[in-house]
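Participant: Just the structure for this:
(chains A and B)
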Amino acid sequence: MALPPGPLVYSHYHCLSPGHYHRPSTGTPQEEAAITTATATEPAVELAGITKRFPGVVANRDIDLHVAKGQIHALVGENGAGKSTLMKILYGMQRPDEGEIRINGSPVAFHTPADAIAAGIGMVHQHFMLADNLTVLENVILGSEPRKGGVAVDFGAARKKIKEISDAYGLGITPDVAVEELGVGDRQRVEILKVLYRGARILILDEPTAVLVPHEVDELFDNLRGLVREGLTILFISHKLDEVLRVADAITVIRRGTTVATVNPQDVTARQLAELMVGSELPSPETRESTVTEVVAFSVRDLTVRTADGRAIVEGVSFDIHKGEVLGIAGVEGNGQAELVEAIMGMRPLASGSLTLNGRDITGWPTLKRREGGIGYIPEDRHRHGLLLEAPLWENRILGHQTRRPNVKGIWIDRAGAREDTRRIVEEYDVRTPGIDVDAAALSGGNQQKLIVGREMSSDPLLLIASHPTRGVDVGAQAAIWDHLRTARAAGLAVLLISADLDELIGLSDSLKVILRGRIVADVDPAEVTPEQLGSAMTGAGEGA
Amino acid sequence: MSTFLDRLFGRVKLGGWLAVVAPLLAVVFAVLITSGVLLVAGKPPLDAFTALAHYVVQPSGAVLIINFATQYYISALAVAIGFRMNLFNIGVDGQYRLAAVVAAGVGGAALLPGVLNIILVMVVAVLVAALWAAIAGLLKVTRGVSEVISTIMLNAIATGIGSWLVIRYLGVRSGNELATKEIPPDSRVPGLSVIPGTSAQVTGFIVLAAIFGVAYYVLLNRTRFGFDLRATGRSESAAVASGVNVKRMVVTTMVLSGAIAGFAGMPELLGGSYKYGTNFPTGLGFTGIAIALLGRNNPVGMAIGALVWSFLDNSKNSLQLVDISPEIVQIMQGTIVLSVIVAYELVHRYAQAAKQRRVSRELAVPSQPEGAAA
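Facilitator: Alright, predicted model coming up:
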């Protein structure tokens, strides 16, 4: 299994001592010197030679990682590079096949997350694990409630402890608010408080900024700096390189399951980091020339969607997408984008409004008919809406296309046809998989997404709804997906692009609309807008002006 | 990752010989537990098992086992089709009994001659059971009522309606028994004399059961409908996004499950007692649930499960010959179901670990030239 040739293929890494940061020998002497000066105190976490193998999946191989106490240590790498597996190993959710974990110098073997928690490790998951209808206090103590007299929950003691922690680390949390009333940033702080409450001294944060808007990211980073000042250690997993460079004291790059370099953030640029991650040249989302035509492929008129309690969550939205046009919808998450998409897909009833696809009124059509009519759908949450995780790839090829060739003949599933076409998708879209009979769950996020993109493109749709098409996808797959979108657009596809990645929106879109609280509040020219301007439009900064 | 329920209901496949190991392990485990119970009760376990085994080798015993297993199997298929899409049709019991009452009344009235009457009886049974099941499906999609609750309640209602129909309209008293009028001899499904050495006949419905088993497999694995059904069972959200009308699937599947349930009482009605009375078998629906679990909704697995269950049910009375309470068999049945669940879980974990080890070995060798030192 040889790595492909490229300018940055490293083969020998020796771990000399904690605090000695290593880097590929291709670096200049100055870089080498600068990097090795990154000093460190005693290590809080040491991983040596960690190897973990799974059936048919990228695993961890010879991972070496030294996290100094009282630092923010970032772990960057593409999705599928093995970051999540590594963190699961450190958190006791998986056991390594080989290698050693040392916490504060002493070797440990975790069998369950409870062991890891007992050793002072806490994990803040990417997706919040909070019960909305409970208060902050109840969420925090859930599972480790302080007892009074053996039976009753001692809320007083818990409230006091939460206040103490919140004050000590400047988290600013009020214990008696229901979680459903909190914003995303506050929820994240509750998650952090939850692990601190359980005595964690080493925090693992898995893609903590994925759900935050820029100013919330700043707040989070302030909090993190406060935590390390108090002597805590933070392992920060991310693939947003500029953020990593801003906040981390040390950065370890992981690629193809193994650690390839540990660098000092002062000495590298985002581009160098990205190249370390990918091991090759970087893609950019820019579309070269406009392919927009005069023909309207899809139009939405006065679309309103209401929640069960009658609140308008999408209100009076109208737009046209022409053939060959990418229409981007920018907005902070939770401003009606998901509901807009579900309404267009027929998964959610419209309160009012109409949808026209290629001149035909599809307002009353059910989801299946809309799909058959030429709407492709890359869902926001591929696990919930895009895949059958426990089913083989070829059955996933059928999903959403179960009435069309080559998957079916009449009422019968055409196994041979579906399997053959799955092989084609795997080939054309570079889905890295040992075969088409493995379960979708065995693939990394990027490869799952490539399979979905390949599937949705395979029936030559008129309109493609791409909801966060490259979220949680590695740089390589991202470039491939952007390429496919551009190619299809040039061939006359109309694309509705919803994304939280402003660069992606600006780079790919031919026109941009900003959605805020369910309404389209601004039209933006992607050729002229900067991410900063777009970001402030999304938060309503320009409102009322 | 698969959840425990996914594995329990066979939505995650076990490969190859491991699929056989689990039930075998379970039976062995159940035998051990039962032996323990027998020893505690001061009875020799070996005697009990010999007595049970002796029953099978008698030709008439074998016929009975097969005939009961046929009913169980049909009932299990009805349950399994719901299980495959996360629909718990606990109401197979009420569905087949209500269907049998009405069908017995229609059949006894002999509105049509001969074979036509047989067809009429079966059509009536299927319609009644399907409609009864549809109530639960409609309640679920329109009002969000859990089908578990509604089908259990509908079971009780079906019992009431059945008794009322027999007492008020359909029943004919003969001696001590109140039952529907017998279906005329020319409208009965004949048995098959396939087991030599006995005059007892294997029910003709075994052919129908086999056809149902094959149809169940083909429907689920080879048709669009089956794909939609399995997709809904695996991930409802993904099914909705793919264009499956989940509400319609719920109703359709309930109706289909009920329709099959309607056949569960037919071997008895058209090939056994020819009437619905106080001796009509009850509880087939619940036996079906146990067998669907045993066979993990797999058509072959359920057939084996049905035979094992039927063997235990029928042979238990031979225990009295060796002065052992036949109720010991119920302990055994319970233990089998529980240990099957445990065994599948164990085997699943073993298979996972074995797979990982194998991949480890495969990956370990070629990675060496890369020489990740240290």
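Participant: give the contact list for A:Lys323.
Facilitator: A:Val292, A:Thr293, A:Val295, A:Val296, A:Ala297, A:Leu462, A:Gly492, A:Leu493, A:Ala494 (C-beta atoms under 8 Å, 6 or more residues apart in numbering or on different chains). In short, each C-beta sits where N, CA and C put it, glycine included.
Participant: now for those, which pair is the farthest apart?
Facilitator: A:Val292 and A:Leu462 (14.9 Å; C-beta to C-beta).
Participant: buried subset of the contacts of A:Lys323?
Facilitator: A:Val292, A:Val296, A:Ala297, A:Leu462, A:Gly492, A:Leu493, A:Ala494 (16 or more other C-beta atoms under 10 Å in any protein chain shown).
Participant: Turn the residues you listed into a markdown table, including pLDDT.
Facilitator: As requested, the buried ones among the contacts of A:Lys323 are arranged in a markdown table below (pLDDT from 0 to 100):
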| residue | pLDDT |
| --- | --- |
| A:Val292 | 77 |
| A:Val296 | 86 |
| A:Ala297 | 88 |
| A:Leu462 | 91 |
| A:Gly492 | 87 |
| A:Leu493 | 90 |
| A:Ala494 | 92 |
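Participant: can you pull out the strands in the stretch 51-200 of chain A?
Facilitator: Counting by DSSP state E, counting those that start in this stretch, the stretch 51-200 of chain A has strands at residues A:57-68, A:72-76, A:98-103, A:106-108, A:121-124, A:147-148, A:152-153.
Participant: Give me the spatial nearest neighbour of the residue nearest to the spatial centre of chain A, chain neighbours excluded.
Facilitator: Residue closest to the mean C-alpha point of chain A, counted by C-alpha atoms, centre = their mean, is A:Gly472 at 3.2 Å. Closest residue to A:Gly472 apart from its sequence neighbours, by C-beta to C-beta, 6 or more residues apart in numbering or on different chains: A:Gly445 at 4.8 Å.
Participant: so B:Gly108 touches B:Thr180, yeah?
Facilitator: Yes - at 4.9 Å, B:Gly108 and B:Thr180 qualify as touching, with contact defined as C-beta atoms under 8 Å.
Participant: if we can go back for a sec, if we compare the strands of the stretch 51-200 of chain A, which one ends up closest to A:Leu357?
Facilitator: strand A:57-68 (38.5 Å).
Participant: And the closest one, what does it pack against?
Facilitator: strand A:43-54, helix A:83-90, strand A:233-238, strand A:250-255, strand A:258-263 (3 or more C-beta pairs under 8 Å, 6 or more residues apart in numbering or on different chains; DSSP states H and E).
Participant: just how off-centre is it within its chain?
Facilitator: Its chain's C-alpha centre and that of strand A:57-68 lie 20 Å apart, by C-alpha atoms, centre = their mean, to the nearest Å.
Participant: so it versus strand A:43-54, what angle?
Facilitator: Angle of strand A:57-68 versus strand A:43-54, following axes from the mean of the first three to the mean of the last three C-alpha atoms, to 10 degrees, is 170 degrees.
Participant: Return the list of strands paired to strand A:57-68, each annotated with direction.
Facilitator: If you go by DSSP bridges, strand A:57-68 pairs up with strand A:43-54 (antiparallel).
Participant: hmm, back to that, the residue nearest to the centre of chain A: what's it in contact with?
Facilitator: A:Gly472 neighbours (C-beta under 8 Å, 6+ apart): A:Asn79, A:Glu207, A:Ala210, A:Gly445, A:Gln449.
Participant: Spatially nearest residue to the residue of the stretch 201-350 of chain B found nearest chain A (excluding sequence neighbours)?
Facilitator: Using C-beta to the nearest C-beta, the single residue of the stretch 201-350 of chain B nearest to chain A is B:Gly243, 3.2 Å away. Spatial nearest neighbour of B:Gly243, excluding adjacent residues (C-beta to C-beta, 6+ apart): A:Leu368 at 3.2 Å.
Participant: Hmm, B:Val246 and that neighbour touching each other?
Facilitator: No - contact criterion C-beta under 8 Å: A:Leu368 and B:Val246 do not qualify, at 11.4 Å.
Participant: where does the residue lying closest to B:Ala133 once chain neighbours are set aside fall, phi/psi-wise?
Facilitator: Excluding the flanking residues, the one nearest B:Ala133 by C-beta to C-beta, 6+ apart is B:Gly258, at 2.5 Å. Backbone torsions for B:Gly258, taken as degrees, to the nearest 10, come to phi -60, psi -40.
Participant: Around B:Gly258, count how many other residues there are.
Facilitator: When neighbours are defined as other C-beta atoms under 10 Å in any protein chain shown, B:Gly258 has 33 of them.
Participant: Cross-check the contact I'm expecting between it and B:Leu87.
Facilitator: No - distance between B:Gly258 and B:Leu87: 11.2 Å, which falls outside the contact criterion (C-beta under 8 Å).
Participant: Next to chain A in this structure, residues from the stretch 101-250 of chain B, please.
Facilitator: With C-beta under 8 Å from any C-beta of the partner chain as the criterion, the stretch 101-250 of chain B meets chain A at residues B:221-228, B:230-231, B:234-235, B:237-238, B:240-245.
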